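>>> Quick one, what's the 3D model for this:
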Amino acid sequence: MKYRNLWLVAVAKNGVNYARKYKFGYVYAWLYRHDRDWLLQVNNQYKVTNIAKNQRIDWHKRDRHLIKLLCRIKNDTEFQLDDPRHSMNWYLSKLDCGSTVGKHLNDLPLCKLFFMKFCENITEYQIRRITCAVIAQSLSNNILRRWKILRMSGLSEQRLTSLADTFLLRIIRI
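Numbering: from 1, shown residues only. As a prediction, this is how the structure comes out:
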């Protein structure tokens, strides 16, 4: 009863986190060990939401600026078949402030949507690599052989996804 009263006074005056961290940690510990249900119920009543938004940055403006840069990067590299996989990390590496964008995707809804829509998954990347190998084989007038296309694209039977395998089978039949 003594610890309950102490905790109620401390929480009403300072809030749960401040009371627990700075002055009444021993009370919190005792109650947590001996009267946990009551403690959690009281803490829920006095819970203070600490949502501090950083108002120094205009996220909407930054989002519009970054989406223009991302679209420009996408358009400039769209037809470069020999590029590495166009993943979110690849796009972020092309930006000056890529680490900031990666950490604040919830504040940048247009960038988040861009990444969801335009980032390549493994299958798309494998198909692009197969396409590049097929074009190289066709330009040199060679017969399309499965093993040769896999070797040129740097893929193996074990790593090949089912969609990429289907794509390769259809290309060879043409």
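
>>> Which strands or helices does the helix or strand where residue 170 lies pack on?
Per DSSP states H and E: residue 170 is located in helix 162-173. On a contact count with 3 or more C-beta pairs under 8 Å, 6 or more residues apart in numbering; DSSP states H and E, helix 162-173 meets helix 122-139, helix 146-153. Every C-beta, even on glycine, is put in place using the N, C-alpha and C of the backbone.

>>> so how far is the helix or strand of the chain with the lowest mean pLDDT off the chain centroid?
Within the chain, no helix or strand scores below helix 16-18, which has a mean of 83 by mean pLDDT, DSSP states H and E. Mean-position distance between helix 16-18 and its chain equals 32 Å (C-alpha atoms, centre = their mean, to the nearest Å).

>>> Following that helix in sequence, what is the next regular element?
Where DSSP H and E defines the elements, the next helix or strand beyond helix 16-18 is helix 25-34.

>>> Give me the below-cutoff pLDDT ranges for this protein.
48-54, 174 (pLDDT under 70).

>>> where's the spatially most central residue of the chain relative to residue 113, distance?
Per C-alpha atoms, centre = their mean, the C-alpha nearest to the average position across the chain is that of residue 102, at 6.9 Å. Noted for residue 102: a distance of 15 Å to residue 113, by C-beta to C-beta, to the nearest Å.

>>> just checking, what packs against the least confident helix or strand of the chain?
Applying 3+ C-beta pairs under 8 Å, 6+ apart, one finds that helix 16-18 makes contact with no other helix or strand.

>>> measure the residue nearest to the centre of the chain to residue 108 for me?
Distance, residue 102 to residue 108, using C-beta to C-beta: 10 Å.

>>> now do residue 35
From residue 35 to residue 108 the distance is 45 Å (C-beta to C-beta).

>>> likewise residue 135?
In terms of C-beta to C-beta, residue 135 sits 36 Å off from residue 108.

>>> higher neighbour count, these two?
residue 108 (22 against 11; other C-beta atoms under 10 Å).

>>> tell me the contacts of the more buried one?
The contact partners of residue 108, by C-beta atoms under 8 Å, 6 or more residues apart in numbering, come to 59, 62, 63, 66, 101.

>>> Most neighbours among these, which one?
That'd be residue 101 among these, by other C-beta under 10 Å, with 23 neighbours.

>>> Please identify which helix or strand holds it.
helix 98-103.

>>> Need the CA coordinates for the next helix or strand after that helix. PDB is fine.
Moving toward the C-terminus from helix 98-103, the next helix or strand (DSSP H and E) is helix 109-118. Extracted C-alpha coordinates of helix 109-118, given in PDB (Å, rounded to 0.1, in the frame of the first residue of the first chain):
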ATOM      1  CA  PRO A 109       5.000   8.900 -48.900                       C
ATOM      2  CA  LEU A 110       5.700   9.600 -52.600                       C
ATOM      3  CA  CYS A 111       9.200   8.100 -52.300                       C
ATOM      4  CA  LYS A 112       7.800   5.100 -50.400                       C
ATOM      5  CA  LEU A 113       5.300   4.600 -53.200                       C
ATOM      6  CA  PHE A 114       8.000   4.900 -55.800                       C
ATOM      7  CA  PHE A 115      10.100   2.200 -54.100                       C
ATOM      8  CA  MET A 116       7.100  -0.100 -53.800                       C
ATOM      9  CA  LYS A 117       6.300   0.300 -57.500                       C
ATOM     10  CA  PHE A 118       9.600   0.500 -59.300                       C
END
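
>>> Thanks a lot, see you next time.
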